[in-house]
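> give the three-dimensional model of this entry:
(chains A and B)
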Amino acid sequence: MSLSLVLTAFAALAVAAPEPALPDGMWQSTAGSKVGYHVHFSLHDVKGTSERIEARARVADGRIAIQARVASDSFDSGNKNRDGNARDAIKAAAHPLVELKGTGPVCAPVEGTCTTTLDAQLTFAGVKRNYQIPVTLKVSERQIEGAFAFTVLLSEHQIERPSLFFKTIDDNVDISGTLVMTPAGAPQPVQASTPAPAGNP
Amino acid sequence: MRFAIPLFLLAVLVPHAAGAEETPQPATAAAQAAPVTDDFDFFADRAAAVPAATPDPALQGRADTRKAMFKWHQGLGLTTLGLLAGTTIVGQLNYNDLYEPNAPGTGDYRLAHKALVYGSVIGFTATGALALSAPESSERSGGFDAVSLHKLGVSLATIGMLTQAGLGLAMANKVQSGDINGLQALGDAHQIAGWSTLGLLAFAATVYVW
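The predicted structure is shown next:
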């Protein structure tokens, strides 16, 4: 076998190096995970974020199942009074967690990225509704970063929309976020993303 | 050359081994046992570890009451702003009718001004009472914000309302006693304070827009 053949073989190996795939097993969220909302109102829009989100996922048999939850009272819009009004509106004291469960096929990453769609059930303000949520996964060997975005209708979750000057906020609220997940056995920054108490501190 | 194709195929087909070598360990037994269906709970083991997730019906009750009271506060406040605008405009007409140099003195606006004053005072008092008596439902203080400006505007408007009442009563006493000495000055002050109070209340009502 000539040297050129050996070099050709190595070149072929290099070119066809497989993408890091989603290994089977349990994954859990870690620092860097966050979720946000975008409320539309004719006078001004409002955005709020929370980093007190935690998620666990299981990858097995070509499917992924994920459960994520965030403390209802943990969103920060930069205005504490408005956040208090939002907590009252979404009934955070009665329903301290917003929770999402979803399942979907595992996608095959191309250049480390792929998109899958989760069939998800969102429990928000105590009301469950089904959503299809596209999730873009950035996969590396030790970490999955999932970016998601979807829109919820407040009326679907029986939330009375707040109003200002007799104008209510829009029914649709855009939800987006990122979950950074590592294998469940990996060391985690403790309490980094644990939901905390709803209502009065 | 005969090894090149098998090697190439090997390269394409070989599974990525890194993930298999580092299969993550399940965090908990509960999570490990959970099937990949919609019916799973990966946090079953942590339900007790998150006491914060316990619903608080009493707190929610206070939140619902507060929300309802502030809904009324907003509606009544804007109504009061309308009443105060009417009071001020009719008051200006009343001033022009009674206190300007060479005023006709018909008194056509006196009754309307008085009725609007009472309406404004009742509305202002009820609006303030709703806000002050609403139960607290969660932490809201966060530095100087729109609420701070609203409270500042309403506080100054309250001072304006009290000033207006004092000036109005002083003017009425002078008119009743026939002492017109200083009546013009009191009327001017009443006029200025009236428009200022309206401006302050309008500011307090609209500050949330920004």
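> test my guess that residue A:54 contacts residue A:29.
Yes: applying CB atoms under 8 Å, one finds residue A:54 in contact with residue A:29, separated by 5.3 Å. Every C-beta, even on glycine, is put in place using the N, C-alpha and C of the backbone.
> look up how far residue B:43 lies from the closest residue to residue A:46 other than its chain neighbours.
Distances taken as CB to CB, 6 or more residues apart in numbering or on different chains put residue A:39 closest to residue A:46, at 4.4 Å, once the chain neighbours are dropped. Distance, residue A:39 to residue B:43, using CB to CB, to the nearest Å: 28 Å.
> now residue B:123, nearest residue through space, not along the chain?
residue B:80 (3.4 Å).
> what helix or strand does that neighbour sit in?
Assigned by DSSP states H and E, residue B:80 belongs to helix B:57-98.
> that helix - contacts with which helices or strands?
Packing contacts for helix B:57-98, counted by 3 or more CB pairs under 8 Å, 6 or more residues apart in numbering or on different chains; DSSP states H and E, involve helix A:80-89, strand A:163-164, helix B:110-133, helix B:183-206.
> angle of that helix against helix A:80-89?
120 degrees (axes from the mean of the first three to the mean of the last three CA atoms, to 10 degrees).
> burial check on residue A:26, number of neighbours?
23 (other CB atoms under 10 Å in any protein chain shown).
> if I look at the spatially closest residue to it that is not a sequence neighbour, how far off is residue B:101?
Of all residues not flanking residue A:26 in the chain, residue A:184 sits nearest, at 3.8 Å (CB to CB, 6+ apart). Going from residue A:184 to residue B:101 by CB to CB gives 87 Å.
> ok, now residue A:158?
Using CB to CB, we find residue A:158 at a distance of 64 Å from residue B:101.
> the more surrounded of these two?
residue A:158 (12 against 5).
> can you read off the pLDDT for that one?
We have a pLDDT of 96 for residue A:158.
> show me where chain A has helices.
In chain A, the helices defined using DSSP state H lie at A:3-15, A:80-89.
> would you single out the least confident of those?
helix A:3-15 has the lowest average pLDDT among those, namely a mean of 52.
> residues contacting the residue lying closest to residue B:71 once chain neighbours are set aside?
Among residues not flanking residue B:71 along the chain, residue A:163 sits closest, at 7.8 Å (CB to CB, 6+ apart). Applying CB atoms under 8 Å, 6 or more residues apart in numbering or on different chains to residue A:163 gives the contacts A:169, B:71, B:74.
> how about JSON lines for the residues you listed, with neighbour count added?
Compiled in JSON lines, the contacts of residue A:163 are given as follows (neighbours: other CB atoms under 10 Å in any protein chain shown):
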{"residue": "A:169", "neighbour count": "20"}
{"residue": "B:71", "neighbour count": "14"}
{"residue": "B:74", "neighbour count": "20"}
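> considering the residues you listed, which is situated nearest to residue A:33?
For those, the closest approach to residue A:33 (CB to CB) belongs to residue A:169, at 26.3 Å.
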